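1. sequence and predicted structure, then a few things I'm wondering about:
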Amino acid sequence: GGRRPARGTMGQVLDCCPGEEQQEVVVDQARFDPKARSEGVALREGETVASGAGVAIVNAALHQDQCYFEFTLDELPEGSVFCIGVSQRKPAVTAGGELGDGQNSWGYNTAQSTEPFAPGDVIGCLFDQATGRPKLMLTRNGEPLPPGSEVTGFRGVVHPAVSFAGGCKIRCNFALDADGFKHKPPQGISGLIPSRSLV
């Protein structure tokens, strides 16, 4: 007997590839989710650039044991602040306008930094749940941020996320392999792969 055709969310049979078997494929590349952002956040360039003020959550959850992704500061006016971290996909986070409440979102706020960030800086994010409790380790332009910048304590299904105010413009990079990043991740670590789904 042949396999049953994949069914869409409304129960209809999807017939994308006549004569070929249905198969699992990666849904899409990770990017900022237009349905998971604060009202004051604008998304541009295929949802890869976020600006304005508030929270922007990425559409793909962190399911891998380890993965790497980057955020580049396209614009960082004087006095502006931003936070990089992880968040559950809940309206309370986007309504609050800032990451790091410790219940639904966790992050590293640049107000904690002793050295100011500058436009063009690339924040590397290494997610690791293979070597103990889940954590997000951060780098700036390939160099580790000082002790205390690690994002820890999070639980549940979380997504990469940023919050910002004061005119920041942040670009995300969710390349799938090491060559797609400005600063290469440690050996053997890949980019964020969105969870698989039938199409």
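-> Received the coordinates, thanks. These numbers were taken from a predicted model, which means no experiment stands behind them. Numbering: from 1, shown residues only.
2. now do the closest residue to Ala92 other than its chain neighbours against Gly85, distance only.
-> Using C-beta to C-beta, 6 or more residues apart in numbering and skipping residues adjacent in sequence, the residue nearest Ala92 is Asn104, 5.5 Å away. C-beta coordinates here come from the backbone N, C-alpha and C atoms, glycine included. The spacing between Asn104 and Gly85, counted by C-beta to C-beta, to the nearest Å, is 11 Å.
3. now swap in Gly191 and tell me
-> For Gly191, the distance to Gly85 - C-beta to C-beta - is 18 Å.
4. and what of Glu98?
-> For Glu98 relative to Gly85 (C-beta to C-beta), the value is 10 Å.
5. the two: which is more packed in?
-> Gly85 (22 against 19; other C-beta atoms under 10 Å).
6. just after the longest strand anywhere in the chain, pick out the following helix or strand.
-> Criterion DSSP state E: the longest strand present in the chain is strand 66-75. Reading on from strand 66-75 to the C-terminus, the next helix or strand found by DSSP states H and E is strand 81-87.
7. what is that following strand packed up against?
-> Applying 3 or more C-beta pairs under 8 Å, 6 or more residues apart in numbering; DSSP states H and E, one finds that strand 81-87 contacts strand 105-109, strand 122-128, strand 135-140, strand 151-152, strand 159-165.
8. how near is the residue most central in space within the chain to Leu126?
-> Nearest to the geometric centre of the chain sits Pro160, at 2.9 Å (C-alpha atoms, centre = their mean). According to C-beta to C-beta, Pro160 and Leu126 sit 11 Å apart.
9. equivalent analysis for Thr48, please.
-> Noted for Thr48: a distance of 20 Å to Leu126, by C-beta to C-beta.
10. Val158 now?
-> On the measure of C-beta to C-beta, Val158 and Leu126 end up 15 Å apart.
11. so for those two, which residue has more residues nearby?
-> Using other C-beta under 10 Å as the criterion, Val158 and Leu126 rank with Val158 on top: 24 against 18.
12. apart from its chain neighbours, what residue comes closest to that one?
-> Using C-beta to C-beta, 6+ apart, the closest residue to Val158 is Val86 (4.0 Å).
13. got any ranges where this protein has weak pLDDT?
-> 1-27, 196-199 (pLDDT under 70).
14. JSON lines for the helices and strands packed on strand 81-87, including distance to Cys67?
-> Listed next are the helices and strands packed on strand 81-87 as JSON lines, based on distance: least, C-beta to C-beta, whole Å:
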{"stretch": "strand 105-109", "distance to Cys67": "17"}
{"stretch": "strand 122-128", "distance to Cys67": "5"}
{"stretch": "strand 135-140", "distance to Cys67": "10"}
{"stretch": "strand 151-152", "distance to Cys67": "14"}
{"stretch": "strand 159-165", "distance to Cys67": "9"}
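15. please identify the most buried of those.
-> Of all those, strand 159-165 carries the top mean neighbour count, a mean of 25, counting by mean count of other C-beta atoms under 10 Å.
16. ok, then the element right after that one?
-> Following strand 159-165 toward the C-terminus (DSSP H and E): strand 169-173.
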